[in-house]
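# Next one to model:
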Amino acid sequence: MSDIREQIFQELSKLEDAAARLRATAVNAGKQTDLEVAILTQQVRNLRAKNARATELIDQSVDLLRKLN
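Model (predicted):
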């Protein structure tokens, strides 16, 4: 009987360890996702700023071409 009890406790211990590893993995994945979102957000901001500047330059070029005609 004590062998069965010991085996149950060992299995419970393994299960507890596996759960702890899964929790740690989930936390790390969440941190990684937050970092990726922050990087992507900054990249989108930069692209929008570049797009706005490109639009200004195109508008200026179109105005210049119209004045030349």
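
# Let me know how buried residue 59 is, in neighbour terms.
10 (other CB atoms under 10 Å). From N, CA and C alone the C-beta is placed, and that goes for glycine too.

# so which helix or strand takes in it?
Taking DSSP states H and E as the criterion, residue 59 maps to helix 2-68.

# Relative to the whole chain's centre, how far out is that helix?
Taking CA atoms, centre = their mean, to the nearest Å, one finds helix 2-68 lying 0 Å from the centre of the chain it belongs to.

# pLDDT averaged over that helix - what is it?
The average pLDDT within helix 2-68 is 94.

# Distance of residue 6 relative to residue 56?
75 Å (CB to CB, to the nearest Å).

# One more: residue 25?
47 Å.

# What of residue 8?
According to CB to CB, residue 8 stands 72 Å off from residue 56.

# One more: residue 37?
29 Å.

# what does residue 26 give?
Taking CB to CB, one finds residue 26 at 45 Å from residue 56.

# for residue 49, same thing?
Residue 49 is 11 Å from residue 56, by CB to CB.

# Roughly how far does residue 33 sit from residue 65?
Applying CB to CB to residue 33 and residue 65 gives a distance of 47 Å.

# oh, I was asking about residue 17
71 Å.

# What of residue 39?
39 Å.

# and if you look at residue 20?
67 Å.

# Then residue 54?
For residue 54, the distance to residue 65 - CB to CB - is 16 Å.

# what does residue 15 give?
Residue 15 is 73 Å from residue 65, where distance means CB to CB.

# How about residue 45?
Distance of residue 45 to residue 65, given as CB to CB: 31 Å.

# Please list all residues in contact with residue 57.
Neighbouring residues of residue 57 by CB atoms under 8 Å, 6 or more residues apart in numbering: there are none.
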